[in-house]
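Enquirer: what's the 3D shape of this:
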Amino acid sequence: AAQARATLGPAHKPLGAVTCISPWNFPLAIFTGQVAAALVTGNTVLAKPAEETPLIAAQGVAILHEAGIPAAALQLVPGDGRIGAALVSAPRTQAVMFTGSTEVARIIQKELAKRLTEGGDPVPFIAETGGQNAMIVDSTALPEQVARDAVASAFQSAGQRCSALRLLCVQEDVADTMIEMVAGAMAELNVGDPSVLATDVGPIID
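Expert: Now for the predicted structure:
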């Protein structure tokens, strides 16, 4: 709210109905982040959570309604990809916020390119998709710290985060030592039942 007050002047005009499509791997944080950004800029929201996490989204919406967001301004629309596709293609959808795969983002982009907003502008599309996140390591780095940080970034949440490490680039003259330590740290990870405290990596969703 403070950021909106500081940046949006009296000439600001809301877009209208904004469709927010969020992922399962951050089922509350990204979901509410999208919704809040659309609401604070004066838009109404059609919130479509990942089909795997509708109950968390429903609880989030209930809390927002309880806090004073009018039900008419924020609607929860659970369902699978067909629901998301219908919301994206709906003529009254004036913007789309999406976090998910690059493949789905391209499908949404192609669909939105077929039409303009009610004001005659391209339909705004804000997307956060998969990335190839790199860590670059030179000879000044501590091998123990590299091993700890690389393994934590790559394998916490089973690597199912857009911020997870995907590519490790190591200076050639220290690479052998670094790779040996990272491989050793990886070998120590316990894969198994997440209800067991000794488990480091467990199944995340389905």
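
Enquirer: so who does the residue most central in space within the chain touch?
Expert: Central residue of the chain (Cα atoms, centre = their mean): Thr99, 4.3 Å from the mean position. Each residue near Thr99 by Cβ atoms under 8 Å, 6 or more residues apart in numbering is listed here: 21-23, 26, 30, 34, 127-129, 162. Backbone N, C-alpha and C define where each C-beta goes, glycine included.

Enquirer: and for Asp149?
Expert: Met135.

Enquirer: one more time with 10 Å, if that's ok
Expert: For Asp149, the contact set (Cβ atoms under 10 Å, 6 or more residues apart in numbering) comprises 135, 137, 141-142, 165, 182, 185.

Enquirer: distance of it from Val45?
Expert: Using Cβ to Cβ, to the nearest Å, one obtains 37 Å as the distance from Asp149 to Val45.

Enquirer: what is the longest helix along the chain packed up against?
Expert: Longest helix of the chain, by residue count under DSSP state H: helix 172-187. Applying 3 or more Cβ pairs under 10 Å, 6 or more residues apart in numbering; DSSP states H and E, we find helix 172-187 packed against strand 133-137, helix 143-155, strand 165-170.

Enquirer: return the set of buried residues in the shortest one.
Expert: This points to strand 133-137. 135, 137 (16 or more other Cβ atoms under 10 Å).

Enquirer: so what touches that strand?
Expert: Counting by Cβ under 10 Å, 6+ apart, 141, 143, 145-146, 149-150, 153-154, 161-171, 174-175, 178, 182 sit against strand 133-137.
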